[in-house]
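Chemist: Return a 3D structure for these sequence lines:
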Amino acid sequence: MITIRRASERGHFDHGWLNTYHTFSFDQYYDPRYMGFRTLRVINEDFVAGGRGFPKHGHRDMEIITYILEGALKHEDSIGNGSVIRPGDVQRMTAGTGVRHSEANASDSERVHLLQIWILPHTVGLEPGYEQKAFSEDDRRGRLKLIASEEGSDGSVVVHQDVKLFASIIPAGEQVEHTMDEQRYAWIQLARGSVSVNGEKAEQGDGAIVVGESSLQIKAEENAEVLLFDLA
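Modeler: Residues are numbered from 1 along each chain as shown. Take a look at the predicted model:
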């Protein structure tokens, strides 16, 4: 069964410097139907104005993944990491026993467009950690490229949870396929373009909830970029 979570139904706040959309309940947005999905807790789509950003703040016991769609994001944290994250980069931060970090648009004039993802870890009280890897457009074009997994398989970043996260850039008219264990679940987040998932249409910003399916066919109606979470 596939159910579409429409982009237009997400929580939305425009703070001027930050235009943000919340797929699941977060901060000032609350919807008891969407408190998360399995161990997937947050998908925030953020547009951050040039020269602005999130001041230093703290997290605990969460796996935080940042995926950039446009622009560049500057990251600094309390465990000594500093980097700039660009399209194709995947950043994983394990908050664990506690970490403080800041994120700011690396440009003074161009906006940065990103997805921030939170996954509940399998263990509380982990040691804080950080990892960042780059996946080229060629890595992701026309295939589901593994970018995060518990084992760090295929060069993916490591997340402390039974989840596999894939990214794909799908040219119009083409499709990618994913074979699933019917006892597992999936969430497909459409970052750009439009697709059909086993015949169900999804537009930019939509999410597709997948339950009890053995295979998925994701066909691009127009050039598309998707993230697929394979979840326990």
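Chemist: show me the contacts for the residue most central in space within the chain.
Modeler: Centroid-nearest residue in the chain: I117, 4.4 Å away (criterion: C-alpha atoms, centre = their mean). Applying C-beta atoms under 8 Å, 6 or more residues apart in numbering, we find I117 in contact with 40, 42-44, 64-67, 165, 227. Heads up, the C-betas are built off the backbone N, CA and C, glycines and all.
Chemist: ok, so of those, who is nearest G11?
Modeler: N44 (9.1 Å; C-beta to C-beta).
Chemist: phi, psi of that closest one?
Modeler: phi -110, psi 130 (degrees, to the nearest 10).
Chemist: do L144 as well
Modeler: phi -90, psi 110.
Chemist: With A7 instead?
Modeler: Backbone torsions for A7, taken as degrees, to the nearest 10, come to phi -60, psi -40.
Chemist: What score does it have for pLDDT?
Modeler: A7 carries a pLDDT score of 98 in this model.
Chemist: Would you mind listing the residues in contact with the spatially closest residue to it that is not a sequence neighbour?
Modeler: The shortest distance from A7 to any non-neighbouring residue, by C-beta to C-beta, 6 or more residues apart in numbering, is to G205 (2.8 Å). By C-beta under 8 Å, 6+ apart, the residues touching G205 are 7-8, 10, 21, 45, 190.
Chemist: Generate a markdown table for these, with secondary structure as supplementary columns.
Modeler: As requested, the contacts of G205 are exported to a markdown table (DSSP: H, G, I helix; E, B strand; the rest coil):
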| residue | secondary structure |
| --- | --- |
| A7 | helix |
| S8 | helix |
| R10 | coil |
| Y21 | strand |
| E45 | strand |
| L190 | strand |
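Chemist: Could you dump the residues you listed into TSV with distance to E76 and neighbour count added?
Modeler: Formatted as TSV, the contacts of G205 follow (distance: C-beta to C-beta, whole Å; neighbours: other C-beta atoms under 10 Å):
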residue	distance to E76	neighbour count
A7	31	18
S8	35	9
R10	29	22
Y21	25	20
E45	22	21
L190	31	23
